[in-house]
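Trainee: here are the coordinates; sequence isn't available:
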Ligand code: KIV
């Protein structure tokens, strides 16, 4: 089935493609999604990166956090997304406690890559550097995720914006630099003030992806349920693109267009 995409026959997206887009000042787009038909649509609608996020615990499986998500859940959904996508780069999350040591991370990242992912995403700052370095040295690209890291929701006391005070902002900037130095290929910033995301993006040479992190990051990511208005209480930083379009492919294309043109995120979606 075709969704009228011009990019279907384009070359596969790799981390080099993303780096070139960053250098050319072209924003790239990521969507967190979990199944083959949605992956095929996003692929054909010009999305660059498909994130099989452990948010699937909440968006698909009905848990109230990402903590109960297992490697088996992740593998099942990475395989499905991989069957649907031909062009996009597929990023797979490692779930809670499956990368608590570098050895565990290597075993579990191997399983995610063998299920069809092209890179893994892991949550954490300075403590993750050894793991990032080991994965990277062994050929596994890594996206490091800092800011509001949902697997630490109990430590944060809720889903809260991070880096609002000077000390925690400085710590996030410090962590970002160390993760880049350790070999991370991408940095995902979740729910941080826009000025902090801008400072981190300016300091790093790897591309940054933001969600609730303002406009300055090199890319944006949204969860497909939010794009399609399926979330009962959507977060401030998200947007339902289906309300102003005709169907799901049109909503995905509008998201891509609005990120590239800088229309999304608007002021309403930003923590300042
Ligand atoms: O799991 C996920 O979908 C994520 C995004 C919200 C960034 O980590």
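Mentor: Perfect, thanks for sending it. All figures in this text were calculated on a predicted structure; none of them were measured in a lab. Numbering: from 1, shown residues only.

Trainee: residues from this structure in reach of the ligand?
Mentor: 32, 51, 53-55, 93, 188, 190, 211, 221, 223 (Cβ under 6 Å from any ligand atom). Where C-beta positions appear, they are placed from N, C-alpha and C, glycine not excepted.

Trainee: Any chance of a ChimeraX selection covering the buried ones in these?
Mentor: Selecting only the buried entries of those in ChimeraX, with 16 or more other Cβ atoms under 10 Å as the criterion:
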select :32,51,53,54,55,93,188,190,211,221,223
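
Trainee: Tell me the gap between the helix ranked longest in the chain and the middle of its chain.
Mentor: Using DSSP state H to define each element, the chain has its longest helix at helix 166-182. Its chain's C-alpha centre lies 18 Å from the corresponding centre of helix 166-182 when counted by Cα atoms, centre = their mean, to the nearest Å.

Trainee: Check which helices and strands it is in contact with.
Mentor: helix 129-137, strand 142-147, strand 186-190, helix 194-203 (3 or more Cβ pairs under 8 Å, 6 or more residues apart in numbering; DSSP states H and E).

Trainee: The closest residue to residue 93 other than its chain neighbours in helix, strand or coil?
Mentor: Among residues not flanking residue 93 along the chain, residue 54 sits closest, at 4.2 Å (Cβ to Cβ, 6 or more residues apart in numbering). For residue 54, the secondary structure call by DSSP: H, G, I helix; E, B strand; the rest coil comes out as coil.

Trainee: Distance-wise, check the residue in the chain positioned nearest to the ligand relative to residue 245.
Mentor: The chain approaches the ligand most closely through residue 53 (2.2 Å), counting by Cβ to the nearest ligand atom. Between residue 53 and residue 245 the computed distance is 23 Å (Cβ to Cβ, to the nearest Å).

Trainee: What is the helix or strand hosting residue 72 packed up against?
Mentor: Assigned by DSSP states H and E, residue 72 belongs to helix 71-84. For helix 71-84, the packing partners by 3+ Cβ pairs under 8 Å, 6+ apart come out as helix 36-44, strand 49-52, helix 56-59, strand 89-93, helix 102-114.

Trainee: what distance separates that helix from the centre of its chain?
Mentor: 16 Å.

Trainee: if we can go back for a sec, so the residue nearest to residue 93 versus residue 145, what's the distance?
Mentor: 10 Å.

Trainee: just residue 113 next, same as before
Mentor: 17 Å.
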